[in-house]
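K.L.:
Generate a structure from the sequence data that follows.
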Amino acid sequence: MRRLGVLAMAMGIAIFTAPAWSSAETTPNQPVVDEVVLTGAIDPMLASYAERAVGNARRDHAAAVLVRLDTPGGLDSSMRSIVKAVSNSPVPVLCWVGPSGARAASAGSFILIGCPVAAMAPGTNVGAAHPVGITGGIMSQKVTNDAAAYIRSLAERWGRNADWAERAVRQSVSVPAAEAVSLHVADLEAPTRSALFRAVDGRTVRAADQDVVLHVAGARIAHQHLTLAEGLLHAIIDPDLAYLFFILGLVSLAAFMIHPAVHVTVLVGLLLLVAALISFGMLPVTIAGLVLLVASVAFSVVGLKVHGRGLPEIAAVTCLILGGIFLFNPSVPNAHVSIPLIIAVALADTLFFLFVMRAVINSRYTPVQTGPRTVIGAEGTVVTPLDPVGVVHVRSETWTARSTSGHVRAGATVRVTGMAGLTLEVEPQPASQETEVSQ
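P.N.:
Numbers count the residues shown, from 1 in each chain. Below you'll find the model as predicted:
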């Protein structure tokens, strides 16, 4: 059994870490192009995926590697890892910004310019490559100079417009596909991958310091995929998810502080905050936005403790909405929280603190009614006559009882007035007494 358990664990790890792939029959002499899809923020997961896929292209006997690019930017270190893998690849790498509507912004500009072949679909754009820090501020002159020198070296290596590339870093300029081609920033426009393959077929390109002739016309595309672990981690690098995880984490910790008996809330809160911080580390988050979100939860807690005539609750909702709006640097494309999500979270947060948490607090100050003495004040029925001791039935239980008002017949209604050990002290109800007298 132990060996079976170890085998099952090993298989699970293999499935979790193994990359997925798509297979298809290849006709004789049909070239194969491995496709690497870089969409969303450029992060360590995408860098690991790109390095692995580019490195495996030679093993797969691929005629070329196609990097399909659509990104608003990302981490400088991850971008440099991707460019380094492309530069050292013995298999030619083609970069295509597509389909229409895609972009190669910020770190994506470096990747596009750093590829041997740079193509863009109509309706795409490239540029806006000025370094942006984790707090949303423009980076120091030293970092800017380093980025400008790096993108200039990439452009010069592949014979592209180094002056424009430097302006993209220093002045955040951006151009559409047609203008990028006319400025010699990109090599050509290609509406589809097949059109790109036809356009570059027979062209000689440089790959790992050697000239290689491209034979990619009519090539079959072999899709390379993220591993499950890379996919999950990359998926949480999303402004909406980061905002949601951060708020839920703060609320969970606040709930634990208010009601410490529920230990699961602190665990859930910590896990959500860790996920949020991972996302924040790769997004242009602002300090002002973080402070506003923390303040919103603090005001919600204050509203539970202090009767402020609704002012703490109003402050909490205001901070929550403003925090969501200003959480990310607005100058970075697509780095923002959707307004419907902000409104939905603000409404849910308000209802949670007003009703759920207030009910929890009120329950802590309600006396707990347990034990035999909880029957005092309850009414019961005499089972055997009380003369003065007999048996009564109170709250579905049978008790020995002593009458404090003389004889009480069977079937009469009595009220419990006290206890002496395990014997109830009872007195007849007035209506029962009148019935007994009339008889």
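
K.L.:
How about the secondary structure of Gln224?
P.N.:
Of the three states, Gln224 takes strand under DSSP: H, G, I helix; E, B strand; the rest coil.

K.L.:
what about the closest residue to it other than its chain neighbours, how many neighbours?
P.N.:
With sequence-adjacent residues excluded and distances taken as CB to CB, 6 or more residues apart in numbering, Gln224 is closest to Ala53, at 3.9 Å. In short, each C-beta sits where N, CA and C put it, glycine included. The tally of other residues near Ala53 (other CB atoms under 10 Å) stands at 25.

K.L.:
helices or strands next to whichever strand or helix holds Ala53 in the packing?
P.N.:
For Ala53, the host element (DSSP states H and E) is helix 44-56. If you count contacts as 3 or more CB pairs under 8 Å, 6 or more residues apart in numbering; DSSP states H and E, helix 44-56 packs onto strand 19-21, strand 32-39, strand 64-70, helix 76-87, strand 220-227, helix 228-235.

K.L.:
I'd like the ones you listed laid out as CSV, including mean neighbour count.
P.N.:
Shown next, in CSV, are the helices and strands packed on helix 44-56 (neighbours: other CB atoms under 10 Å):
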stretch, mean neighbour count
strand 19-21, 13
strand 32-39, 21
strand 64-70, 26
helix 76-87, 20
strand 220-227, 18
helix 228-235, 16
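
K.L.:
worst average pLDDT in these?
P.N.:
Lowest mean pLDDT of the helices and strands packed on helix 44-56: strand 19-21, a mean of 45.

K.L.:
I'd like the helices and strands packed on helix 44-56 laid out as JSON lines, including distance to Gly123.
P.N.:
Formatted as JSON lines, the helices and strands packed on helix 44-56 follow (distance: least, CB to CB, whole Å):
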{"stretch": "strand 19-21", "distance to Gly123": "30"}
{"stretch": "strand 32-39", "distance to Gly123": "16"}
{"stretch": "strand 64-70", "distance to Gly123": "12"}
{"stretch": "helix 76-87", "distance to Gly123": "24"}
{"stretch": "strand 220-227", "distance to Gly123": "21"}
{"stretch": "helix 228-235", "distance to Gly123": "25"}
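
K.L.:
Near Ile42, how many residues? Count them for me, please.
P.N.:
By the measure other CB under 10 Å, the count of residues near Ile42 is 30.

K.L.:
ok, it - contacts?
P.N.:
Neighbour list for Ile42: 71, 73-75, 78-79, 82, 107-108, 111 [criterion: CB atoms under 8 Å, 6 or more residues apart in numbering].

K.L.:
With adjacent residues omitted, what lies nearest to it?
P.N.:
Closest residue to Ile42 apart from its sequence neighbours, by CB to CB, 6+ apart: Gly74 at 2.7 Å.

K.L.:
Can you give me the neighbour number for that neighbour?
P.N.:
Residues near Gly74, counting by other CB under 10 Å: 25.

K.L.:
follow-up on the earlier one: buried residues in the helix holding Ala53, which are they?
P.N.:
Neighbour counts using 16 or more other CB atoms under 10 Å place 44-54, 56 of helix 44-56 among the buried residues.

K.L.:
Run the angle between that helix and strand 64-70 for me.
P.N.:
Orientation check (axes from the mean of the first three to the mean of the last three CA atoms, to 10 degrees): helix 44-56 against strand 64-70 gives 160 degrees.

K.L.:
May I see the buried residues of stretch 148-167?
P.N.:
So, applying 16+ other CB under 10 Å, buried residues of stretch 148-167: 148, 150-152, 154-155, 158, 160-162, 164-167.

K.L.:
Let me know the closest of the buried residues of helix 44-56 to Val426.
P.N.:
Checking the buried residues of helix 44-56 against Val426 by CB to CB gives Met45 as the nearest, at 74.1 Å.

K.L.:
in terms of contact, does the closest one touch Leu226 like I think?
P.N.:
Yes: if you go by CB atoms under 8 Å, Met45 and Leu226 touch, sitting 6.8 Å apart.

K.L.:
quick one: the residue nearest to Gln224 and Leu46, what's the gap?
P.N.:
Going from Ala53 to Leu46 by CB to CB, to the nearest Å gives 10 Å.

K.L.:
And for Ser182?
P.N.:
Taking CB to CB, one finds Ser182 at 30 Å from Leu46.

K.L.:
go on, Val345?
P.N.:
Val345 is 28 Å from Leu46, where distance means CB to CB.

K.L.:
Below-threshold pLDDT in the protein: ranges please.
P.N.:
Along the chain, the model assigns pLDDT under 70 to residues 1-28, 132-140, 261-262, 308, 331-334, 362-373, 431-439.

K.L.:
Nearest residue to the middle of it?
P.N.:
The centroid of the chain falls nearest to Leu241 when counting by CA atoms, centre = their mean (3.3 Å).

K.L.:
Would you enumerate the residues in contact with Phe245?
P.N.:
Phe245 neighbours (CB under 8 Å, 6+ apart): 236, 272-273, 275-276, 279.

K.L.:
Could you export the buried residues of helix 44-56 as TSV, including distance to Leu292?
P.N.:
Output for the buried residues of helix 44-56, formatted as TSV (distance: CB to CB, whole Å):
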residue	distance to Leu292
Pro44	28
Met45	29
Leu46	30
Ala47	32
Ser48	34
Tyr49	35
Ala50	36
Glu51	38
Arg52	40
Ala53	40
Val54	42
Asn56	45
